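> Okay, here's the prediction I keep looking at, along with the sequence it came from:
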Amino acid sequence: MAITTKDIAKMANVSQSTVSRCLNDSPMISEKTKKKVLKIAEEHGFQFNANARSLSAKKTNTIGVILPKSLFISGEVHFRSWQNELIESLERMEFDVIVSFFENRFTKQNNIKRLIAAKKIDGLIILEPSLNDETIAILEKTDIPYIFCKYLPPFYKTREVDFVCVDQYKGGYIAADHLIKNGHKKIMCISANHIGGEFGLRTEGFKAALHDYSLPYHDKMLFYGDATFDSGYRVIKDNVDVLRDFTSIFAQNDLMALGAIKALRELDIYVPQDIAVVGFDDIELSTLYKPYLTTVQQPTKEIAALTCKRLIDKLNSSETMKQKLEISPTLVIRESCGISY
């Protein structure tokens, strides 16, 4: 009787899906386990035709990465690092990558719908924070595994769904906590009204830190930009008369923080001597101009690696359980806050 993968799994004391991954040389399995499984397969004359399996399964060995439709409007600098880290992780696993915006910029065609219908991909990584009902219905019906990255999916509270993202609430908290511990009780907060909820979560974390230190919060502490450098600049220039009420600024992304610093410099208000500034994201520009920016660093590399690993795990098994992972950010302390606690 011919030996099966089930038999090999029993002899190797591993799962049948692990045997399958070993036979397919999956990067998710350790070399030690692969050698053990392959040795058993060879000793018992197991015949495995990888090419035939690939053809029968109609695999493309290609992963789709969906960028937000708002990205080509706002041109958010930090998305380049997210995209690069995801592509690097997938290429290391020997997958090809198709990168698309959520919508075709000219025809407005839904690229998630197009890629699934055309059967061009084996899986999807989605960085779009706002999905319409049609797209959600398509995802729920497809057999193609998908996972959300960076943003909480819009329906995560009502549906079981895989995601790996940053704990934005905690990021807002640790930014405010750092300023308060350095003696700042009057903090200007510059947020943005962007779809996806990350700025709202950062604001809630900011408020929670104030509450924990018994410091008052009021709406006059909160200002809005649009996540661009120019909007951070404009918030400062348009509110010169209230700057004296604050000793520090928490700008909820680095571009707005850097724009604010430029405006302050033009007003002869010096950072950090006169006012401290904290940003969010830790983009490359944070260390290109003096003073270097203290900022909340999103663990992009870790999240990209976890996202890709999770998706490939889903491709290589029939597991249906969903994983919801929120990764903690960290504070990178630089010159814009002066002496740290």
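Yes, it's here. Numbers count the residues shown, from 1 in each chain.

> all strands in the stretch 201-341 of the chain, in order from the N-terminus.
222-225, 248-251, 276-281, 294-297, 324-327, 330-332 (DSSP state E, counting those that start in this stretch).

> Then the stretch 1-150 of the chain?
Using DSSP E, counting those that start in this stretch, strands in the stretch 1-150 of the chain cover 62-67, 96-101, 123-126, 146-150.

> out of those strands, nearest to L267?
The closest of the strands of the stretch 1-150 of the chain to L267 is strand 146-150. By Cβ to Cβ, the value is 34.6 Å. Where you see a C-beta, it was placed from the backbone N, CA and C, and this is true even at glycine.

> What strands flank that closest one, and is each parallel or antiparallel?
strand 123-126 (parallel), strand 163-166 (parallel) (DSSP bridges).

> lowest-confidence stretch among those?
Out of those, strand 163-166 stands lowest, with a mean of 91 (criterion: mean pLDDT).

> Now do it: distance to the chain's middle.
Relative to the chain's own centre, strand 163-166 is displaced by 6 Å; criterion: Cα atoms, centre = their mean, to the nearest Å.

> export it as PDB, just CAs?
Provided in PDB are the C-alpha atoms of strand 163-166 (Å, rounded to 0.1, in the frame of the first residue of the first chain):
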ATOM      1  CA  PHE A 163      -5.900  41.600  10.800                       C
ATOM      2  CA  VAL A 164      -2.500  42.800  12.000                       C
ATOM      3  CA  CYS A 165      -2.300  46.400  13.000                       C
ATOM      4  CA  VAL A 166      -0.800  49.000  15.300                       C
END
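
> And the next helix or strand past it?
helix 168-181 (DSSP states H and E).

> that older thread, dump the strands paired with strand 146-150 to a markdown table, plus distance to R80 and mean neighbour count.
Below are the strands paired with strand 146-150 laid out as a markdown table (distance: least, Cβ to Cβ, whole Å; neighbours: other Cβ atoms under 10 Å):
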| stretch | distance to R80 | mean neighbour count |
| --- | --- | --- |
| strand 123-126 | 16 | 24 |
| strand 163-166 | 17 | 24 |
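
> Columns distance to V242 on top of those, output as CSV?
Putting those into CSV (distance: least, Cβ to Cβ, whole Å) gives the following:
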stretch, distance to V242
strand 123-126, 40
strand 163-166, 31
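
> Quick check: which element contains the spatially closest residue to F246 that is not a sequence neighbour?
Using Cβ to Cβ, 6 or more residues apart in numbering and skipping residues adjacent in sequence, the residue nearest F246 is M188, 4.2 Å away. In the assignment (DSSP H and E), M188 maps to strand 187-192.

> neighbouring strands for that strand, and are they parallel or not?
strand 222-225 (parallel), strand 248-251 (parallel).

> Contacts for the first one, please.
For strand 222-225, the surrounding residues in contact (Cβ atoms under 8 Å, 6 or more residues apart in numbering) are 188-193, 203, 231-232, 234-235, 239, 251, 256, 259.

> Measure how buried P329 is and give me the count.
24 (other Cβ atoms under 10 Å).

> can I assume it is in contact with C165?
No. Applying Cβ atoms under 8 Å, one finds P329 not in contact with C165, separated by 10.6 Å.

> quick one, domains of this protein?
5-57, 62-167+300-328, 168-298+331-337 (automatic domain parsing).
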